[in-house]
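# the following comprises the amino acid sequence and a computationally predicted model.
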Amino acid sequence: MGTKDISNFHIPNVSQIPGSKKVDLRNRLGNVGGNEAAQSEFKNLLNEQISNEKINKAHQLDQLAQTQREHGIQLSTHAAKRLQERNIDIDSNEFFKLKDAFQKLQSKGGKDSLVITDKAAYIVDVPAKKVVTAIDKGSIESNVFTKIDSTVLV
């Protein structure tokens, strides 16, 4: 088969439709046509999906809070908001990197410090063992970090 076969392909003209076509409105999701059962089924599925997402999100936050309690590292409200806005996920690997960074900074006397990982940068309050804010890796270059006394790369 060559390109000559393709040039013989006929594309139908659909710009004009003869006559008027009646549209069957019974299967629409809106209330038009009285198909409330389909609408409520869709609403139920949608509400169930939204509810499951909320439960999963709450479960993830609970796990993060539990891990924080177990390992003594806290997230400030601002940091939690920044993590969510910047789609930074603190998984167990990232959390243990932060934990190691806190230990190193404490041993060196760091107070307000910058922790840089392969995912993000974090401003941390070492004595309070608290993550103050987070910046995603892509935005690190355009930021100026002030009022820090130490930096650690983990």
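The structure has been received and is ready for your questions.

# show me where the chain has its strands.
74-75, 112-116, 120-125, 130-136, 150-153 (DSSP state E).

# what would those strands look like in TSV with mean neighbour count and distance to residue 84?
Yep, even glycine has a C-beta here, placed from its N, CA and C like the rest. Formatted as TSV, the strands of the chain follow (neighbours: other CB atoms under 10 Å; distance: least, CB to CB, whole Å):
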stretch	mean neighbour count	distance to residue 84
strand 74-75	19	11
strand 112-116	21	19
strand 120-125	22	13
strand 130-136	19	10
strand 150-153	16	24
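
# so which of those strands is nearest residue 86?
Proximity to residue 86 (CB to CB) singles out strand 130-136 among these, at 4.4 Å.

# quick one: strands adjacent to the closest one?
Sheet pairing here is set by DSSP bridges, and for strand 130-136 it gives strand 74-75 (parallel), strand 120-125 (antiparallel).

# starting at the chain centroid, how far to the shortest one?
Spelled out, it's strand 74-75. Averaging C-alpha positions (CA atoms, centre = their mean, to the nearest Å) puts strand 74-75 18 Å from its chain's average.

# based on its surroundings, how many neighbours for residue 105?
By other CB atoms under 10 Å, the residues close to residue 105 number 23.
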